[in-house]
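In: Pasted the sequence and its predicted model underneath.
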Amino acid sequence: MKFLVQFLRQWYAVLLAFVCLLYSVGLGLMGQTDEALYSAHWAGTILLFSIAIRQRRTTRS
């Protein structure tokens, strides 16, 4: 259980971005291309924000 919590803390952003990517692909396959294009940007945004947050955490300590 401790390993799972530690794994999720370290990789939460990548997992969330992957889910957003799958959501965008699903929308595209269903023919909702405008919504798919909009949600395709979520993955990159999540990863960039997680990098920025991680950098702020390391510079404070």
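Out: Done, it's in. If you're wondering where the values come from, they're calculated on a predicted model, not measured in any experiment. Numbers count the residues shown, from 1 in each chain.
In: Flag the shaky bits of the chain, pLDDT-wise.
Out: In the predicted model, the chain carries pLDDT under 70 at residues 61.
In: Go ahead and flag the most central residue of this structure.
Out: Central residue of the chain (CA atoms, centre = their mean): Ala17, 2.2 Å from the mean position.
In: Could you check how far that residue is from Lys2?
Out: According to CB to CB, to the nearest Å, Ala17 stands 24 Å off from Lys2. Just so you know, the C-beta spots here come from the backbone N, C-alpha and C atoms, and that holds for glycine as well.
In: and what of Ala40?
Out: Counting by CB to CB - Ala40 and Lys2 are separated by 35 Å.
In: Between those two, which has more neighbouring residues?
Out: Set Ala40 next to Lys2 and count neighbours by other CB atoms under 10 Å: Ala40 wins out with 16 against 6.
In: show me what contacts that one?
Out: By CB atoms under 8 Å, 6 or more residues apart in numbering, the residues touching Ala40 are 21, 24.
In: Go again with 10 Å.
Out: By CB atoms under 10 Å, 6 or more residues apart in numbering, the contact set of Ala40 is 20-21, 23-25, 27-28.
In: Return the member of the residues you listed nearest to Ile51.
Out: Cys20 (15.8 Å; CB to CB).
In: Apart from its neighbours in sequence, what residue is nearest that closest one?
Out: Trp42 (4.2 Å; CB to CB, 6 or more residues apart in numbering).
In: Give me the number of neighbouring residues for the one you found.
Out: 16.
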